[in-house]
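Asker: Got a sequence here, can you build the structure:
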Amino acid sequence: VQLEESGGGLVQVGGSLSLSCAASGFTFSSYPMSWVRQAPGKGLEWVSDINSGGGTTNYLMSVEGRFTMSRDNAKNTLYLQMNSLKPEDTAIYYCARWWGGALDAWGQGTLVIVSS
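Answerer: Reported below is the predicted structural model:
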């Protein structure tokens, strides 16, 4: 199982970034997926999840309306479109796979820095 995030970087407040997560080594289309973040000096925080077919998403209240999670099962890729970014969105963003009620596989993360 491999998950590889990309797309992080430095962006100004109010800007946008699009993260991607390339999946391999498993049947991507069979698994719900999540984005989880870790801000500097803080613990892990769930951001969003999506069901296996991509038709249902859920979001952390503080990102709802600003972030959009999607997936392309034909390309084995997960996405997170982040708009209207705030300094408190600064974090390492991880994609992770759901299995058996837990997140059992994680990528290495991609760093997002929102500068004011």
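
Asker: what separates the nearest residue to Phe67 once chain neighbours are set aside from Leu17, distance-wise?
Answerer: Residue nearest to Phe67 in three dimensions, not counting chain neighbours: Met82, with 5.1 Å by Cβ to Cβ, 6 or more residues apart in numbering. Any C-beta I mention is one placed from the backbone N, CA and C, and that applies to glycine too. According to Cβ to Cβ, to the nearest Å, Met82 stands 5 Å off from Leu17.

Asker: which of these two has more neighbours?
Answerer: Met82 (25 against 20; other Cβ atoms under 10 Å).

Asker: Spatially central residue in this protein, please.
Answerer: The C-alpha lying nearest the average C-alpha coordinate of the chain belongs to Trp35 (Cα atoms, centre = their mean; 3.1 Å).

Asker: any idea whether it is helix, strand or coil?
Answerer: When classified by DSSP: H, G, I helix; E, B strand; the rest coil, Trp35 comes out as strand.

Asker: can you tell me which residues contact the nearest residue to it once chain neighbours are set aside?
Answerer: Counting by Cβ to Cβ, 6+ apart, Trp35 lies nearest to Val47, which is 4.3 Å off, once chain neighbours are set aside. Applying Cβ atoms under 8 Å, 6 or more residues apart in numbering, we find Val47 in contact with Ser34, Trp35, Val36, Arg37, Tyr59, Leu60, Val63, Phe67, Leu80, Tyr93.

Asker: Which helix or strand contains Val47?
Answerer: Val47 belongs to strand 44-50 when elements are defined using DSSP states H and E.
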